[in-house]
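Asker: Have a look at this fold, sequence not included:
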């Protein structure tokens, strides 16, 4: 592979790939792990607890670790797939809208303006 002075492009590419892989894994492991642990040990996340919401099995029993993990994993997958579907549709809508507004701008009756430097 080519070298730029002391910079080895193959090493750089491997390092960047490793950083990317670590970020992807952390974006899965951290939310799924935290949600699993919170719902397994306390039946709720801090936000759920604040609103008085608790997760139990249908028969009222506490969640097993496996059930808490499965619930967290399915929730994570749903959120990721929802974004995969929503983002392209939102981008297409913004492109087609005469004023360049996003779906959430239209739903909320808002506009975003660029004021320029010093706003």
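Answerer: That came in fine, so what should we check first? Just so it is clear, the structure is predicted and the values come from calculations on it, not from any experiment. Numbering: from 1, shown residues only.

Asker: Could I get the full set of helices for this structure?
Answerer: Assigned by DSSP state H, the chain shows helices spanning 9-41, 46-50, 65-96, 103-108.

Asker: Quick check: mean pLDDT of the second one?
Answerer: Right, helix 46-50. Across helix 46-50, pLDDT averages out at 89.

Asker: Need the contact partners of stretch 22-38.
Answerer: Stretch 22-38 is contacted by residues 44-46, 65, 68-69, 71-73, 75-76 when judged by Cβ atoms under 8 Å, 6 or more residues apart in numbering. Quick note: C-beta positions are derived from backbone N, CA and C, even for glycine.

Asker: What subset of those residues is buried?
Answerer: Buried by 16 or more other Cβ atoms under 10 Å: 44-45, 68-69, 71-72, 76, out of those.

Asker: Just put those in a markdown table and tack on distance to residue 83.
Answerer: Putting those into a markdown table (distance: Cβ to Cβ, whole Å) gives the following:
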| residue | distance to residue 83 |
| --- | --- |
| 44 | 24 |
| 45 | 20 |
| 68 | 23 |
| 69 | 22 |
| 71 | 19 |
| 72 | 17 |
| 76 | 11 |
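
Asker: Provide a list of residue ranges in the chain with pLDDT below threshold.
Answerer: Residue ranges of the chain with pLDDT under 70: 1-7, 112-119.

Asker: Residue nearest the middle of it, spatially speaking?
Answerer: The structure's the chain has its C-alpha centroid closest to residue 80; by Cα atoms, centre = their mean the separation is 6.2 Å.
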